[in-house]
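Enquirer: Just a sequence and a predicted model for now, questions to come.
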Amino acid sequence: GKGEYDHFMLKEINEQPTALAQALEGRIDPDTGRIALSDFEPGTFEDIESVQFVACGTSYHAALYGSLALNQAGVQSTALLANEYSVSAPPIDDDTLVVAVTQSGETADTLNALRHAADEGASTVTVTNVVGSTAAREADEALFIRAGPEIGVAATKTFSSQAVMLTLLGQRIAADQRGDPSADRSSLLAELAAMPDAIEDMLAVSDAEAIADQYANSQSYFFIGRGLGFSVALEGALKFKEITYEHAEGFASGELKHGPLALVTPDTPVFAVFTGEEDEKTLKNAEEAQTRGAPVIAVCPADHRAVEVADEHLEIPETDSDLAGLLANVQLQLVSYYAADLLDRPIDKPRNLAKSVTVE
Ligand code: M6R
């Protein structure tokens, strides 16, 4: 049941420290501090030339997160919408690894993409929450995120667990490609191990409810970010529209001036996600919105320069730049939750949506 919480969504947001601890359990060797993915021994991916992630919705945003992190680690990779894959997949061969990211493991669009990839000769991996799901059974290998059951239609803890597992998998692939399987980034792995506590601390003091309260009844809600922060902006907007029924959109920070700025008014709060990737530019983009009267809510650590510039601040703990977006996303989940609660929406079961989408 929901226990002390009014909704499963809030319960599941608060379960993230536990979910991530479960995801990480036994997957970073306590003696060596290195990645220990039992099905993927060092060297597993040495022949892989490129990685394609396929997924839908929130899982697509996690896939985008994983793909950008992999690119930054020097491995050629793309994230593709599973429902576009049959018409727009880049060339696939037996040096291609296709990673299906799907909480349920039953999403029809994602299963189709996985089958297409296998037909074309790719190696396949499924990253999923459900042991025994179709995607887990059909892929060559499965990596389980162990988030525990997620009842709310809005995906929350599974996004975070997927982002963590894709970060680990990505580091394994990058180390294998470099031909130095032991070359894991130890500082990143240490910060990963610290994620459950970091989220716990952040949840205890979050200002998300006050911010949701302050900006309720705005006309539209915009979310901007760069790099990994861009995937978080997309996810922040999806969550917001899905459960509040208010208009929300996520943009790459730099795209704001290429069109969306025409929509920016004092009635369109802008959530700016700072993940350490060209933050000065994102800040400039946020200031452009501010000049048009939009309130800017900066999602960043306490000592970040954006705090002075922005109208409001949602604080995230200091961490590795690969993980800051994950923390920012948790704050945005809370903003969406409290905004939807104020509007009295049926948070766990938004209209027209289903937890598992088994039609194309
Ligand atoms: O089960 P999956 O992860 O494959 O589901 C994909 C999407 O339908 C899903 O992520 C959806 O976007 C979320 N429930 C939205 O919160």
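Expert: On my side now, so go ahead.
Enquirer: okay, CA-based contacts and neighbour counts for the rest of this
Expert: Noted.
Enquirer: what about the strands in the chain?
Expert: Applying DSSP state E to the chain gives strands spanning 50-55, 76-81, 96-102, 123-128, 141-144, 220-225, 247-252, 270-273, 296-300, 312-315.
Enquirer: With adjacent residues omitted, what lies nearest to residue 312?
Expert: residue 297 (4.6 Å; C-alpha to C-alpha, 6 or more residues apart in numbering).
Enquirer: My understanding was that that neighbour contacts residue 308; is that so?
Expert: No. Counting by C-alpha atoms under 8 Å, residue 308 is not a contact partner of residue 297; they are 11.0 Å apart.
Enquirer: Neighbour count: the two, which is higher?
Expert: Shown here are residue 297 and residue 308; by other C-alpha atoms under 10 Å, residue 297 has more neighbours (22 against 12).
Enquirer: before we move on, the earlier item: I'd like the strands of the chain as CSV, with mean pLDDT appended.
Expert: Listed next are the strands of the chain as CSV, based on pLDDT from 0 to 100:
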stretch, mean pLDDT
strand 50-55, 98
strand 76-81, 97
strand 96-102, 98
strand 123-128, 98
strand 141-144, 97
strand 220-225, 98
strand 247-252, 98
strand 270-273, 98
strand 296-300, 98
strand 312-315, 98
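Enquirer: Residues of the stretch 51-200 of the chain that sit close to the ligand?
Expert: Applying C-alpha under 6 Å from any ligand atom, we find that the stretch 51-200 of the chain lies next to the ligand at 56-59, 102-105, 107, 153-155.
Enquirer: Those residues into CSV, with extra columns for distance to residue 251 and neighbour count?
Expert: Shown next, in CSV, are these (distance: C-alpha to C-alpha, whole Å; neighbours: other C-alpha atoms under 10 Å):
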residue, distance to residue 251, neighbour count
56, 18, 23
57, 15, 16
58, 15, 25
59, 18, 27
102, 23, 31
103, 24, 30
104, 27, 23
105, 28, 25
107, 26, 22
153, 24, 18
154, 20, 27
155, 20, 21
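Enquirer: so which of the residues you listed comes closest to residue 271?
Expert: Closest to residue 271 out of those is residue 58 (18.1 Å), distances taken as C-alpha to C-alpha.
Enquirer: and the nearest residue to residue 68 once chain neighbours are set aside, how many neighbours?
Expert: Computed as C-alpha to C-alpha, 6+ apart, the closest residue to residue 68 that is not its neighbour in sequence is residue 228, at 6.4 Å. Neighbourhood size, residue 228 [other C-alpha under 10 Å]: 28.
Enquirer: what do you get for the one 3 residues further on?
Expert: Other residues near residue 231 number 28, with proximity taken as other C-alpha under 10 Å.
Enquirer: Repeat that for residue 351.
Expert: For residue 351, using other C-alpha under 10 Å, the count is 12.
Enquirer: And for residue 276?
Expert: Using other C-alpha under 10 Å, residue 276 is surrounded by 20 other residues.
Enquirer: okay, and for the stretch 51-200 of the chain, where does confidence drop off?
Expert: 181-184 (pLDDT under 70).
Enquirer: what's near enough to touch the closest residue to the ligand within the stretch 201-350 of the chain?
Expert: Distance from the ligand to each residue of the stretch 201-350 of the chain (C-alpha to the nearest ligand atom) is smallest for residue 239, at 5.9 Å. Residue 239 sits next to 154, 333, 336 when contact means C-alpha atoms under 8 Å, 6 or more residues apart in numbering.
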